[in-house]
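Colleague: Structure, please.
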Amino acid sequence: MNDTVFEHFFSKFFSKTSVKSKFMIFSFFLLLCVFLLGTTAFILSMRQIGRASLQDNLSLVAETMRLRLATEVNSELALVCKMADSPLMQRYFLDPSDSRLRESAHEEFAVYRRNFKNNSVFWINDIDKLFYSDEKTPYRVDSSLPENYWYNMTLYETALYNFNINYNPDLHEINLWVNAPVFVQTSDGSKKPVGMLGTGINITDFLDSILNINADISLFMFNARSEITAAKNHDLVFDKVSLAAHLGKAGDEIISEAKSLRDSNIKIFIHDSIMYGVCSIPQLGWYLVDSVPITLATLFDPVMTGLFCVILGLITLIVVAFNIFVFRMQNTLESRNRQLILLNEQATAASRAKSDFLARTSHEIRTPMNAIIGLSELARREYGKPKALEYIAGIKNAGASLLAVINDILDFSKIESGNLPILPDPYETASMLNDVLTVIRVRMAETPLELIPDISPDIPGRMIGDAGRIRQILLNLLSNAVKYTQKGCIKFSVSGEPAAEDAVRLTFTVEDSGIGIKEKDLPKLFGEFVRVDEKRNSGIEGTGLGLVIARNLCRAMGGDITVQSEYGKGSVFTAVLMQTVADRQPMGDMAETTVARVEKQCATFTAPEAEVLVVDDFYSNLMVAEGLLVPYGMRVFSCLNGREAVELVRVRSFDLVLMDHMMPEMDGVEAVGIIRAMPEE
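Modeller: Model prediction:
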């Protein structure tokens with residue numbers, strides 16, 4: 001019910017709305033659709049581009065931080081290890097009370113200090129446990145205190161070097177200390193730790209330099225125990241807070257991803273609208289985490305958003321300007337449209353009148369022509385004088401030629417209107433070819449030409465197609481060969497090859513030794529109403545429609561016609577058709593089939609008991625039909641229209657009814673329908 005009301009409303013609305021209003025409504029909805037689609041596409045695109053940009057930024061920051069830190073750690077570590085291997089340092093750490101060694105060691109420390117990036121170096125010997133750092137006053141380290149765990153770890157648990165992180169609350173700095181023990185060789189060949197030295201790297205400077213690039217990005221570093229070793233919030237480092245404790249489930253996922261990383265990998269993932277990037281720092285055994293929130297501010301570029309708004313504004317202005325232009329042109333277009341509609345109606349009426357005229361004219365021409373041909377045949381049978389027979393034969397031939405012209409025009413008219421009928425039915429291949437050969441031999445009887453048939457015996461014996469149209473195509477090609485060949489021969493070849501499970505591709509070739517076709521005329525050969533080399537061929541009859549009709553028939557049946565020719569030496573026309581196979585049994589030798597066909601055609605019969613009704617509104621045609629049926633001994637009845645035929649059939653039982661089509665009072669189609677609907681008795 002609602003759908004019906006809705007449809008009724010829209011039908012009434014659009015029927016009463018002017019074209020201008022409809023166009024305005026259409027423009028509004030078009031603009032709305034463009035806006036919605038454009039906005040949706042922009043949001044989706046910017047979301048995708050924004051995420052890709054965030055991912056690239058995280059990867060860049062992580063890679064930059066990792067490379068810079070790794071470079072500085074490797075540089076500082078190399079100097080620390082070289083300094084720990086110095087013989088002077090080893091001797092001084094064995095005897096720190098020796099003033100000469102202390103002075104030399106301090107000079108060497110000063111040289112090393114100039115090579116460190118931050119010029120910060122420290123050293124402690126295990127004898128007096130004095131901590132020397134830069135130019136500061138040394139102080140004694142109490143190794144028993146818990147906060148000095150790094151001293152015992154470096155001296156007694158480290159083979160080459162270790163790293164230690166600490167936070168200086170006075171300077172608000174996070175420092176990474178690179179520590180290396182100093183060993184001396186004992187008498188038994190073992191190594192004895194006598195002190196340690198190292199340098200510090202300011203991690204806070206690293207973090208600040210990266211964060212200055214993008215304030216939206218947060219950075220963390222954590223060690224293998226998941227303790228935060230570097231962060232913007234220094235308390236997290238000082239209190240050794242676990243990453244999982246600080247970030248919750250996100251921290252657990254970060255730790256899980258970190259453990260699955262390879263050395264050079266950077267893993268990007270999203271958790272609770274925050275994008276994280278995780279990578280490892282193999283030199284330290286640490287991991288670096290950078291993150292950025294996924295928000296409108298981080299996803300959408302202000303420049304791109306502004307550009308999108310400008311584009312939408314331009315589109316709106318264009319649509320408005322186009323509407324103004326359309327409204328100004330509408331009155332002119334409506335006036336012209338009314339004129340065009342009037343002219344189109346006049347042209348349609350003229351075309352319809354032309355079609356009706358051709359249909360009537362063709363019927364009126366065909367009917368007397370059939371009578372002329374039939375009457376001439378009857379006269380030929382009745383009269384035996386040689387001259388009269390010659391005249392009558394001339395009448396018959398002229399009528400047949402005129403009928404052929406009319407048939408060509410009618411076929412072309414059907415092709416032009418797209419109503420060319422193709423009626424596939426089962427047919428005997430040999431019978432169809434024999435009909436073609438019989439007709440063309442009659443036409444060649446008065447010429448010196450030789451017909452050479454070359455028909456493959458392997459062609460299937462029964463096929464499905466329009467045999468009448470195939471005969472029409474072949475007779476057209478063969479008749480043309482006869483008309484344009486004065487001497488020599490005409491070769492007619494037929495072959496077939498399987499094209500599918502139930503289909504065969506038939507190839508018909510007509511080769512003549514005639515006058516040939518000029519190369520420049522070949523493209524015009526299949527043109528409508530065209531005859532090539534008109535001056536030379538002026539004495540040859542024809543409408544110029546034969547090849548056009550033949551090619552169109554071929555194409556209507558899924559094939560085509562091609563031609564090859566050499567001027568003055570002859571032509572070769574090739575027609576290819578697809579046919580459905582009804583019986584794959586080969587048709588055999590065509591010569592034997594032809595003989596059998598001729599004998600069958602020569603047989604005669606009579607049917608004295610048969611009663612035939614002939615229906616035609618043209619009296620001469622009735623005379624022709626009755627005369628042609630007389631030799632068969634049949635009883636022939638006739639009438640002039642369909643209504644009389646129906647009445648006769650009601651009162652008398654006929655064996656055969658021959659019905660014309662177009663007749664007054666009742667045509668043949670209507671009469672046949674009434675007769676077929678009658679009870680069988």
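
Colleague: Spit out the contact partners of the nearest residue to Phe220 once chain neighbours are set aside.
Modeller: In space, and not counting its chain neighbours, Phe220 is closest to Val289: 4.4 Å by CB to CB, 6 or more residues apart in numbering. Just so you know, the C-beta spots here come from the backbone N, C-alpha and C atoms, and that holds for glycine as well. For Val289, the contacting residues are 219-222, 243, 254, 258, 276-278, taking CB atoms under 8 Å, 6 or more residues apart in numbering as the criterion.

Colleague: In a helix, Val289, correct?
Modeller: No: secondary structure of Val289, determined by DSSP: H, G, I helix; E, B strand; the rest coil: strand, with no helix assignment.

Colleague: can I get the contacts of Val289 in JSON lines with distance to Pro586, neighbour count and pLDDT?
Modeller: Formatted as JSON lines, the entries for the contacts of Val289 read as follows, by distance: CB to CB, whole Å; neighbours: other CB atoms under 10 Å; pLDDT from 0 to 100:
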{"residue": "Leu219", "distance to Pro586": "88", "neighbour count": "20", "pLDDT": "81"}
{"residue": "Phe220", "distance to Pro586": "88", "neighbour count": "25", "pLDDT": "81"}
{"residue": "Met221", "distance to Pro586": "90", "neighbour count": "27", "pLDDT": "84"}
{"residue": "Phe222", "distance to Pro586": "89", "neighbour count": "26", "pLDDT": "86"}
{"residue": "Leu243", "distance to Pro586": "88", "neighbour count": "26", "pLDDT": "86"}
{"residue": "Ile254", "distance to Pro586": "82", "neighbour count": "25", "pLDDT": "87"}
{"residue": "Ala258", "distance to Pro586": "81", "neighbour count": "21", "pLDDT": "84"}
{"residue": "Tyr276", "distance to Pro586": "80", "neighbour count": "23", "pLDDT": "90"}
{"residue": "Gly277", "distance to Pro586": "79", "neighbour count": "26", "pLDDT": "87"}
{"residue": "Val278", "distance to Pro586": "79", "neighbour count": "26", "pLDDT": "89"}
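
Colleague: In the stretch 451-600 of the chain, what residue spans correspond to helices?
Modeller: Ranges of helices within the stretch 451-600 of the chain are 467-483, 546-556, 590-602, based on DSSP state H, counting those that start in this stretch.

Colleague: ah, wrong one, I meant the stretch 301-450 of the chain
Modeller: Chain-ordered helices for the stretch 301-450 of the chain, with DSSP H, counting those that start in this stretch as the definition, fall at 302-382, 386-417, 429-443.

Colleague: again, but for the stretch 151-300 of the chain
Modeller: Taking DSSP H, counting those that start in this stretch, the helices of the stretch 151-300 of the chain run over residues 203-211, 234-238, 243-247, 249-259, 296-299.

Colleague: nearest to Phe42, of the ones you listed?
Modeller: Using CB to CB as the measure, helix 296-299 is the one of the helices of the stretch 151-300 of the chain that comes nearest Phe42, at 11.7 Å.

Colleague: helices and strands of this protein: which one bottoms out on pLDDT?
Modeller: helix 590-602 (a mean of 46; mean pLDDT, DSSP states H and E).

Colleague: circling back to that earlier point, out of the contacts of Val289, which sit inside strands?
Modeller: Among those, the residues falling in strands (DSSP state E) are 219-222, 276-278.

Colleague: Make a markdown table from those residues and add distance to Leu130 to it.
Modeller: Written out in a markdown table, the entries for the ones in strands among the contacts of Val289 read as follows (distance: CB to CB, whole Å):
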| residue | distance to Leu130 |
| --- | --- |
| Leu219 | 36 |
| Phe220 | 36 |
| Met221 | 32 |
| Phe222 | 34 |
| Tyr276 | 45 |
| Gly277 | 44 |
| Val278 | 42 |
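
Colleague: Go through those and say which is closest to Val141.
Modeller: Sorting the ones in strands among the contacts of Val289 by how near they are to Val141, with CB to CB, puts Met221 at the top with 26.5 Å.

Colleague: The closest one reaches Leu236, doesn't it?
Modeller: No: at 10.5 Å, Met221 and Leu236 do not qualify as touching, with contact defined as CB atoms under 8 Å.

Colleague: Report the set of residues contacting both of the two.
Modeller: Between them, Met221 and Leu236 share these contacting residues under CB under 8 Å, 6+ apart: Ile228.

Colleague: before we move on, back to that, quick check, nearest of the contacts of Val289 to Val182?
Modeller: Of those, the one sitting nearest to Val182 (CB to CB) turns out to be Met221, at 28.4 Å.

Colleague: Have a look at this structure and report its longest strand.
Modeller: In terms of residue count, the longest strand belonging to the chain (DSSP E) is strand 570-586.

Colleague: For Lys569, find the nearest of the helices of the stretch 451-600 of the chain.
Modeller: With respect to Lys569, and counting by CB to CB, the nearest of those is helix 467-483 at 13.6 Å.

Colleague: In the closest one, which residues are buried?
Modeller: Applying a neighbour-count criterion of 16 or more other CB atoms under 10 Å, the buried positions in helix 467-483 are 467, 469-483.
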